[in-house]
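Visitor: Take this sequence and fold it.
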Amino acid sequence: MVAYAALYTIQVVFGILYADALPSSDVYRVFNYLTAAGILVSVAVAWCRKRGCGVVGADPDHHLDVPAGFYVTLGLAIWFFTLWFRRLALADGEPVPDPDTVIWFFVSALIPMVLGANGALLWRSARP
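Guide: From the prediction side, this is the model:
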């Protein structure tokens with residue numbers, strides 16, 4: 001998830017530089033499925049952390065970061081899946097509505113942060 005977050009960030013920031021050779025719509029067509037899987041894993045990790053399942057560091061000294069991480073992850077999941085399903089429902093060649101485009105910018109900024117943070121938590125919890 002950490003590597004994917006880095007790859008996603010590279011696409012978001014530098015994708016315009018190679019858009020002629022590799023259209024971003026083709027890249028995101030693949031990325032969206034990987035992002036959906038990563039978000040589902042992130043929601044599960046955040047939920048377990050919030051519930052204190054012992055999967056990833058449930059430190060009693062962190063009263064704010066655990067629920068904040070859960071709700072940010074949940075908010076990202078709601079935004080992403082709503083926008084993605086709406087985009088899948090568009091007919092070929094139909095433009096994406098402007099409000100959806102604006103929200104996609106927020107989602108594109110949150111995806112690497114949330115997936116990277118939850119991936120790092122999983123990585124740390126896997127170490128003995």
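Visitor: Spatially central residue for this structure, please.
Guide: I111 (3.0 Å; Cα atoms, centre = their mean).
Visitor: If I follow the layout properly, it ends up in contact with Y8?
Guide: Yes. Counting by Cβ atoms under 8 Å, I111 does reach Y8; the two are 5.7 Å apart. Any C-beta I mention is one placed from the backbone N, CA and C, and that applies to glycine too.
Visitor: For the two, list the residues in contact with both.
Guide: T35 (Cβ atoms under 8 Å, 6 or more residues apart in numbering).
Visitor: for the record, mean pLDDT for stretch 4-16?
Guide: Here stretch 4-16 scores 94 as its mean pLDDT.
Visitor: Please state the offset of that stretch from the chain centre?
Guide: 12 Å (Cα atoms, centre = their mean, to the nearest Å).
Visitor: Can you name the residues in contact with it?
Guide: 24, 27-28, 31, 34-35, 38, 108-109, 111-113, 115-116, 119.
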